[in-house]
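Just need the structure, nothing else, for what follows:
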Amino acid sequence: MTKAVEKVIEEFEKLPGVGPKSAARMAYHYLRSPNKDASALAEALIEMDQKVVFCQKCFNVSETSECEICSTPLRDSHKICIVEEPLDVVAFEKAGIFNGLYFVLGGVISPADGIGPEELRMAQMTRRINQLYEEHKQLEVIIATNPSLEGEATASFIHEAIRNISDDIQVTRLAMGLPTGADLEYADRTTLLRALEGRRAV
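Next comes the predicted model:
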């Protein structure tokens, strides 16, 4: 294996969920491609690196200092959804079910990985929530971290931080439980508990 190919494989291995074999397959795919796909990929990555920044208000990815969501007056600024990563914003926007604002934390609290509140954007989040509350005096903060141990710990920290701003801010958490099409017999205890707690009248 040449050093050039080995270097490409090493870079692909840095991608989440990509092991040595998958990295090697991807490298040889681009090596065999007759259409200069490798050059197109390199150019796209360089362009992304040069043009994409984080929105100064919500820290979603953007090509301007303020993203389209934060800059439009059509969004409901009485609601803000706290998510872990920019891909979570993409999921909400693709679904077309939320018309409020967002804030991207940049991860979750994970002591095992050495990630505490200081490594996340907690201070910026607190400032943003405080700003919106001062503007409207009526605000709902939707905590949309993942239903993992780390996500739950992060949600608790966020809730406490908001309570330090004002008890008048409405804090909600995404409902959790059984996904559509799931079988009860395969659900774990936590999933069943969440589904039971989130039951509604029919």
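
low-scoring pLDDT stretches of this protein, where are they?
202 (pLDDT under 70).

Pull out the buried residues from the longest strand anywhere in it.
Longest strand of the chain, by residue count under DSSP state E: strand 76-83. Neighbour-count burial for strand 76-83 flags His78, Lys79, Ile80, Cys81, Ile82, Val83 (criterion: 16 or more other C-beta atoms under 10 Å). C-beta here means a position set from N, CA and C on the backbone, and glycine is covered the same way.

Please apply the same query to stretch 94-104.
Buried-residue list, stretch 94-104, by 16+ other C-beta under 10 Å: Phe98, Gly100, Leu101, Tyr102, Phe103, Val104.

Dump those residues into JSON lines; add secondary structure as well.
Output for the buried residues of stretch 94-104, formatted as JSON lines (DSSP: H, G, I helix; E, B strand; the rest coil):
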{"residue": "Phe98", "secondary structure": "coil"}
{"residue": "Gly100", "secondary structure": "strand"}
{"residue": "Leu101", "secondary structure": "strand"}
{"residue": "Tyr102", "secondary structure": "strand"}
{"residue": "Phe103", "secondary structure": "strand"}
{"residue": "Val104", "secondary structure": "strand"}
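
show me what contacts the spatially most central residue of the chain?
Against the mean C-alpha coordinate of the chain, by C-alpha atoms, centre = their mean, the closest residue is Glu85 at 1.8 Å. Contacts for Glu85 (C-beta atoms under 8 Å, 6 or more residues apart in numbering) come out as Val104, Leu105, Gly106, Gly107.

likewise Thr145?
Ile82, Val83, Glu84, Leu105, Val108, Gly151, Glu152, Thr154, Ala155, Ile158 are the contacts of Thr145 under C-beta under 8 Å, 6+ apart.

What sits closest to Lys79 if chain neighbours are left out?
Distances taken as C-beta to C-beta, 6 or more residues apart in numbering put Gly100 closest to Lys79, at 3.2 Å, once the chain neighbours are dropped.

now Cys81
In space, Cys81 is closest to Ile142, 4.4 Å off (C-beta to C-beta, 6+ apart).
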